[in-house]
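1. Sharing a model that was predicted from the sequence below.
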Amino acid sequence: MFLGDMLCLTHKITDRLLFLLLSLYLLYLLFELDRLYRSKSISLLKISLFLYSAIYVNRIYHYLIDGSANNLNVFSLTWVSNLVVVGSILAIILLCIGYWGFTLEKSGLETQHAESQTESMRQLIKERDQLLMLNARVSAISSLSSFSAMLVHDISQPLQALEFGLYELQSQATPDQTADHLRHNIHELQQLSTKAGEMVSHLRQLMGRGQDHVSAIDPHMALQPILPILQGEALQRGIALTYKSQLNTPTRIMSNVVMLQRIVFNAVGNALDALQDQPKTQACIQIQLYTQVKAHETWTVLEIADNGPGFSEDVLSQLSAPIQSTKPHGMGLGLMLTQSMVRMWGGHIQIDNHPAGQIPGGLLQIWLRTAADEKSI
Amino acid sequence: MAAQPIIDVVDDNPDIRRMLSLVLNTHGFTVHAHESAEAFLAEERTAEPRLLILDVRMPGMTGLELHSRLLGQGEKYPVIFMSGECQPHETTAVQASAPIAFLWKPFNTQQLLQAIQEGMKHLSAASA
């Protein structure tokens, strides 16, 4: 019997010691956690475990002092066991509050982190947009410099003719010349001066600002200033470039003249590059304007077709994939920008290769919203 | 009496051809204007001394190619090149062809007339 009591007592002491060690270990873990998060809730948890540990230390201490086994029992109604009950309840309440607070704090931190990530994403998107705009400007400058040589050549012609004409006029300006004859010569020189002026005006328009302005424009008229330049460049490369407008009545579309011209520059530039190394008897590019009904809506389609190698699978897939361009001349990105721009005008683009059986080549269609009574936006 | 020299103007720009012909005619020169190098080659060349005024850049055969071709055929004429725009390799090739002058459009008419006078001296020296 005595041995049985001894074993029971030893078991109780071991239990209490294990509880104490467990509490102290949890306390240690909470200290470590506190280092990471610095949370008030963890402090509450620490207090609760500290309280719990203190109660058990007190219990074991009193048992060791007076040797009474009642100190180890919960319901012995001694002040030590009562302290254990009250202390334990208090510790559990603190534990619950601390855990609840910690969960709330953690959730708040996660929300804050998510918000900061959203803000980072916004920043990234903003940076991407800025890069796209930068690329658009670089692309425009690049297109412009490619054609500036052609423009310089073209502008120099009427200026030179003007110089010859003025020189001639000066030598003819003698008293015996009739006013009618001189008037005719002056009129011719004025026409040459107008030609030079128009070229400078087109150049200025290409370099101009206000590319974000969207208004109702006549696509046929918008293309007129750039067609001679494109045809001149194509002619130099031995490529036939034709333009045909099938718009029977004056049509207006929602667009921007400068950006539309740049888009056509870019698209025709790509087609010219694609045709450059093609061993063809007659490389050609066709630009067409026509209307087409789709989904009960009349669209104006600007089509650029060539008989080159066509678009690669990479480029075709890029229009439905995230932005990526590893092309030497950034053709994919150019098309992406074209697509973005045209979407902004309420239209869309389609690129494809001519179906098998037809003449091979690339086909770019720019579907533009026909302006009804829309005002400039 | 020596034959009157002919000035052949080869330029694809009709305004330049017309105005230059007008100026040179006023100065008493006989001018033949051609819209392309091919048109110049297609025309039969008479025995009169000739001076060529060639545009460097033209659709089809360029002024440089025309000059090389004529040299290849043993036809050596004093040549004045003019151009509104040239690639660096074209400029180098023009300078290497030892022309009487290489004029960048727009240039002063007086410069051209001086170059023509220079070319006429070459023709006189060659016929002497």
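-> Nice, I can see it. Please read these numbers as outputs of a predicted model, since none were measured by experiment.

2. which element is whichever residue of the stretch 151-300 of chain A sits closest to chain B on?
-> Using CB to the nearest CB, the closest approach of the stretch 151-300 of chain A to chain B is made by A:Ser156 at 3.2 Å. No exception for glycine: its C-beta is placed from N, CA and C like everyone else's. If you go by DSSP states H and E, A:Ser156 is part of helix A:79-172.

3. for that helix, packing partners?
-> Packing partners of helix A:79-172 (3 or more CB pairs under 8 Å, 6 or more residues apart in numbering or on different chains; DSSP states H and E): helix A:40-66, helix A:179-207, helix A:227-236, helix A:257-276, helix A:331-344, helix B:14-26, helix B:109-127.

4. contacts for the last one?
-> Read it as helix B:109-127. Contacts to helix B:109-127, defined as CB atoms under 8 Å, 6 or more residues apart in numbering or on different chains, come from residues A:163-164, A:167, B:2, B:5, B:7, B:23-24, B:27, B:29, B:49-51, B:53, B:78-80, B:82, B:100-101, B:103.

5. number of nearby residues for B:Phe81?
-> Neighbour count for B:Phe81, taken as other CB atoms under 10 Å in any protein chain shown: 26.

6. I misspoke; the intended subject was B:Ala47.
-> 6.

7. Surely it is within a helix?
-> No - counting by DSSP: H, G, I helix; E, B strand; the rest coil, B:Ala47 is located in no helix; its state is coil.

8. So which bits of the stretch 151-300 of chain A are right by chain B?
-> Within the stretch 151-300 of chain A, the positions adjacent to chain B are A:152-165, A:167-168, A:171-172, A:192, A:195, A:235-236 by CB under 8 Å from any CB of the partner chain.

9. care to break chain A down by domain?
-> Here the domain parsing of chain A from automatic domain parsing is A:2-126, A:214-377.

10. Lowest mean pLDDT across those, which one is that?
-> With a mean of 78, domain A:214-377 has the lowest mean pLDDT of those.

11. I'd like the distance from it to the chain centre, please.
-> 22 Å (CA atoms, centre = their mean, to the nearest Å).

12. and if you look at stretch A:46-65?
-> Centroid displacement of stretch A:46-65 relative to its chain, using CA atoms, centre = their mean, is 62 Å.

13. Which positions in the lowest-mean-pLDDT helix or strand in chain B come out as buried?
-> Every helix and strand in chain B was compared by mean pLDDT, DSSP states H and E; the lowest is helix B:88-96, with a mean of 87. Judged by neighbour count (16 or more other CB atoms under 10 Å in any protein chain shown), helix B:88-96 contains these buried residues: B:Glu90, B:Ala93, B:Val94.

14. From the rest of the structure, what touches it?
-> With CB under 8 Å, 6+ apart as the test, helix B:88-96 has contacts from B:Val56, B:Arg57, B:Thr62, B:Leu64, B:Phe81, B:Ser83, B:Cys86, B:Phe102.

15. Greatest separation within the residues you listed: which pair is it?
-> Farthest pair in those (CB to CB) is B:Thr62 and B:Phe102. Separation: 13.8 Å.

16. Would you mind listing the buried residues in stretch A:277-292?
-> A:Ala283, A:Cys284, A:Ile285, A:Gln286, A:Ile287, A:Gln288, A:Leu289.

17. Return the residues in contact with A:Leu272.
-> Counting by CB under 8 Å, 6+ apart, A:Leu272 touches A:Glu233, A:Ala234, A:Arg237, A:Ile239, A:Ile285.

18. ok, back up a step: could you flag which of the residues of the stretch 151-300 of chain A next to chain B are buried?
-> Neighbour counting by 16+ other CB under 10 Å classes A:153-165, A:167-168, A:192, A:195, A:236 among those as buried.

19. Can you get me a residue count around A:Leu9?
-> Counted with other CB under 10 Å, residues neighbouring A:Leu9 total 14.

20. Pretty sure it sits against A:Asn70.
-> No - the pair A:Leu9 / A:Asn70 is not scored as a contact, 11.4 Å apart, by CB atoms under 8 Å.

21. How much space separates A:Ile47 from B:Ile53?
-> Distance, A:Ile47 to B:Ile53, using CB to CB, to the nearest Å: 103 Å.

22. right, I mislabeled it, should have said A:His153
-> A:His153 is 17 Å from B:Ile53, by CB to CB.

23. Repeat that for A:Gln224.
-> For A:Gln224 relative to B:Ile53 (CB to CB), the value is 32 Å.

24. who has more neighbours, those two?
-> Higher neighbour count among A:Gln224 and B:Ile53: B:Ile53, with 27 against 12, using other CB under 10 Å.

25. Poorly predicted segments of chain B, please.
-> B:1-2 (pLDDT under 70).

26. Spell out which residues of it are next to chain A.
-> Listed as neighbours of chain A in chain B under the rule CB under 8 Å from any CB: B:13, B:15-16, B:18-20, B:22-23, B:26, B:57, B:59, B:82-85, B:87, B:104-110.

27. Among those residues, name the buried ones.
-> B:13, B:15-16, B:18-20, B:22-23, B:57, B:82-85, B:104-107, B:109.

28. list the contacts for the residue nearest to A:Val268 when sequence neighbours are not counted?
-> Spatial nearest neighbour of A:Val268, excluding adjacent residues (CB to CB, 6 or more residues apart in numbering or on different chains): A:Leu230 at 5.2 Å. Shown in contact with A:Leu230 (CB under 8 Å, 6+ apart): A:Leu241, A:Val264, A:Phe265, A:Val268.

29. Which single residue of chain B approaches chain A most closely?
-> Residue nearest to chain A within chain B (CB to the nearest CB): B:Gly84, separated by 3.2 Å.

30. tally of neighbours for residue 10?
-> As the question left the chain open, I've gone with chain A. Residues lying near A:Thr10 (other CB under 10 Å) number 10.

31. that's the other chain; I wanted chain B
-> Using other CB under 10 Å, B:Val10 is surrounded by 25 other residues.

32. what are the bridge partners for it, then?
-> B:His34, B:Leu54 (DSSP bridges).

33. Might one say that it is in contact with B:Leu64?
-> No - with contact defined as CB under 8 Å, B:Val10 does not reach B:Leu64; the gap is 11.4 Å.

34. Name the residues of stretch A:343-359 that are buried.
-> Judged by neighbour count (16+ other CB under 10 Å), stretch A:343-359 contains these buried residues: A:Trp345, A:Gly346, A:Gly347, A:His348, A:Ile349, A:Ile351, A:Asn353.
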